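Mind looking at a prediction? Sequence and model below.
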Amino acid sequence: MKRLCLTTVPIIFLFLGVKAQVVDVITTGISKPRNFELLGNDLYFSESRINNNPNTGKISKIDITATNPVVENIVTGLAGPIGIRLIGNELYVAEHNNLKLSKIDISIANPTAVEIFSFLPDPNTGIFIYPETMVNFGNALYLNSYSPMFSSGIYKVDIGIDPVAVENIVYFDFTSNDLYTNSISGTALDGNILYFSHTQYFGTISSATGKISKIDISSTNPVVEEVVSGINNPYQLEIVGNYLYFSLFQNGKIQKINLNDANPTIEDVIQGLSGPSGMKVVGNDLYIAQFLSNKISKLDVSNDLALSIDEFAAPKFTIYPNPTSNYIQVKELNATKAYKVYNVLGVELMSGIISNTDQIDVSNLKNGLYFLKIEGYSQKKFIKK
């Protein structure tokens, strides 16, 4: 695999009277970065265009603990990879330009992309699905799609069965003015709540017609609820503590809202970026893909993460055995809840639904310290031995 040596360069932005430090992690040797996933110290990212050719792309990675990160190519020859999602050792890749969902086993040397589906029609309309970004809840991938000039939607893909089962969750037909407001461009999952951004497929960037909506994916018939509107083309989304961050690709900035607010107010986080696309929280840092300048940067978001911690107010639960080798069991839950398992870097490794006395299989985790977060409850540490 080809390796490129790169340097880390700090850049200072003066913003709203406060110095927000954006550190450039990778500045050369990558092309049109879009989205991230993390496994251990390895940050995987999609490069959607090589030499500005929209029908080429690749998946690469860097070691984020290295002083001078080295880019390593994992898989090349992909057609416009945008969204990526890691489930176990399988990295799922949305090849937008090939209308394809693929997967890569990153646990092996010299992996290849294996097709999950391509040119898959919407089960209701027959219009092909153009996969773009995705999140997962257990074995269910929730991916957003838009078919230029026709439709945009969110699809649930059950990867636990072969062949995969696809279900349309949200659908917008581009009729009349829907084309200008309902093209879904990004998603983020917080427990059972799936947030997604609406942006303009055509129009001017000065038109603040974009918005963010949400659905409850645990509902049999999810209803779209508007969260906030009046945004200039919101693009990718990321949960940062109690905040929802969203990139504004054309405006070169990142904004946020507090998800605890009944009527959230849009706040600026940082500006002066070059085509900000995907984001990923790793520890106290927010990694940012700057598409137009072909680089990856990071921003310290520890203040927003610290403001989101309220362990004393949240109800508590018990986990046992701890330490454990195979599973953890929970008790003192009063209802079925969503859970997530994180490593010490704050990277989500597992997610699902749990009820009182249920067990979570952790046998595939490496030995070490982990955190179990259950919706509406305090966070608990456990040790895998």
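Sure thing, it's come through. Numbering: from 1, shown residues only.

Let me know the pLDDT of the closest residue to V170 other than its chain neighbours.
Leaving aside its chain neighbours, V170 sits nearest to I154 (4.2 Å; criterion: CB to CB, 6 or more residues apart in numbering). In short, each C-beta sits where N, CA and C put it, glycine included. Looking at I154, its pLDDT is 91.

what helix or strand does I154 sit in?
I154 belongs to strand 151-158 when assigned by DSSP states H and E.

so how far is that strand from its chain's centroid?
16 Å (CA atoms, centre = their mean, to the nearest Å).

So which elements touch the next helix or strand along the chain from that strand?
For strand 151-158, the succeeding helix or strand toward the C-terminus, using DSSP H and E, is strand 165-173. On a contact count with 3 or more CB pairs under 8 Å, 6 or more residues apart in numbering; DSSP states H and E, strand 165-173 meets strand 151-158, strand 183-190.

if I pick the closest residue to L78 other than its chain neighbours, what's in contact with it?
In space, and not counting its chain neighbours, L78 is closest to G57: 4.3 Å by CB to CB, 6+ apart. G57 makes contact with K32, S46, E47, S48, R49, I50, L78, A79, G80, P81, E95 under the criterion CB atoms under 8 Å, 6 or more residues apart in numbering.

Direction included, what does the strand holding I154 pair up with?
Looking at strand 151-158 with DSSP bridges, its partner strands are strand 140-147 (antiparallel), strand 165-173 (antiparallel).

Can you list the buried residues in it?
Buried residues in strand 151-158, counted by 16 or more other CB atoms under 10 Å: S151, S152, G153, I154, Y155, K156, V157.

now those in a markdown table, with distance to I87?
Shown next, in a markdown table, are the buried residues of strand 151-158 (distance: CB to CB, whole Å):
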| residue | distance to I87 |
| --- | --- |
| S151 | 27 |
| S152 | 24 |
| G153 | 22 |
| I154 | 18 |
| Y155 | 16 |
| K156 | 14 |
| V157 | 11 |
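
Flag the shaky bits of the stretch 101-250 of the chain, pLDDT-wise.
147-150, 173-182, 200-208 (pLDDT under 70).

Ramachandran angles for N303?
With angles defined as degrees, to the nearest 10, N303 sits at phi -60, psi -40.

Any figure for the gap between it and Q250?
Distance, N303 to Q250, using CB to CB, to the nearest Å: 27 Å.

Kindly report the same for L194.
For L194 relative to Q250 (CB to CB), the value is 24 Å.

So the two - more neighbours on which side?
Taking other CB atoms under 10 Å, L194 and Q250 do not tie; L194 has more neighbours (25 against 16).

ok, back up a step: got the CA positions of the strand holding I154 in CSV?
The C-alpha coordinates for strand 151-158 follow below in CSV (Å, rounded to 0.1, in the frame of the first residue of the first chain):
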residue,chain,number,x,y,z
SER,A,151,-36.9,12.1,-5.2
SER,A,152,-35.1,11.9,-1.9
GLY,A,153,-35.6,9.6,1.0
ILE,A,154,-34.3,7.6,4.0
TYR,A,155,-34.1,3.8,3.7
LYS,A,156,-33.7,1.1,6.3
VAL,A,157,-31.4,-1.7,5.1
ASP,A,158,-31.3,-4.9,7.2
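
quick check: angle from that strand to strand 183-190?
Orientation of strand 151-158 against strand 183-190 (axes from the mean of the first three to the mean of the last three CA atoms, to 10 degrees) gives an angle of 40 degrees.

got a list of contacts for strand 151-158?
Strand 151-158 is contacted from outside by 101, 116-117, 122, 125, 127, 129, 139-146, 164-174, 182-184, 187, 194, 196, 215, 217, using CB under 8 Å, 6+ apart.

follow-up on the earlier one: and which of the contacts of G57 is nearest to A109?
Closest to A109 out of those is L78 (18.4 Å), distances taken as CB to CB.

Am I right that the closest one is in contact with K58?
Yes: if you go by CB atoms under 8 Å, L78 and K58 touch, sitting 5.9 Å apart.

Give me the more crowded residue out of those two.
Remark: of L78 and K58, L78 carries more neighbours, 26 against 21, as counted by other CB under 10 Å.

Roughly how far does that one sit from T27?
23 Å.

Can you tell me which of the strands paired with strand 151-158 is most buried?
Among these, strand 140-147 has the highest mean neighbour count (mean count of other CB atoms under 10 Å), at a mean of 23.

Now P222: closest residue in space, sequence neighbours ignored.
Setting aside the residues directly before and after it, P222 is nearest to I215 in space (CB to CB, 6+ apart), at 3.8 Å.

Mind listing the residues bridging to that neighbour?
Beta bridges link I215 to L194 when assigned by DSSP bridges.

tell me, how many neighbours does K381 end up with?
For K381, the neighbour count with other CB under 10 Å is 11.

For L369, see how far away it is.
Using CB to CB, K381 is found at 6 Å from L369.

Let me see the residues that make contact with stretch 116-129.
Outside stretch 116-129, the residues touching it (CB under 8 Å, 6+ apart) are 92, 98-103, 143, 145, 147, 150-151, 153, 155, 157, 159, 163-164, 166-168, 171, 173.

who does the stretch of helix or strand S229 belongs to touch, helix- and strand-wise?
Element membership of S229 [criterion: DSSP H and E] is strand 225-231. Under the contact criterion of 3+ CB pairs under 8 Å, 6+ apart, strand 225-231 touches strand 210-216, strand 243-248, strand 253-258.

looking at those, which is buried most?
With neighbours defined as mean count of other CB under 10 Å, the helices and strands packed on strand 225-231 peak in mean count at strand 243-248, which reaches a mean of 26.

shaky segments in the stretch 251-385 of the chain?
Across the stretch 251-385 of the chain, the ranges flagged by pLDDT under 70 are 306-315.

gap between S46 and G80?
Remark: distance between S46 and G80 (CB to CB) = 9 Å.

who's more crowded, these two?
Each of S46 and G80 has its neighbours counted (other CB under 10 Å); S46 has more, 29 against 24.
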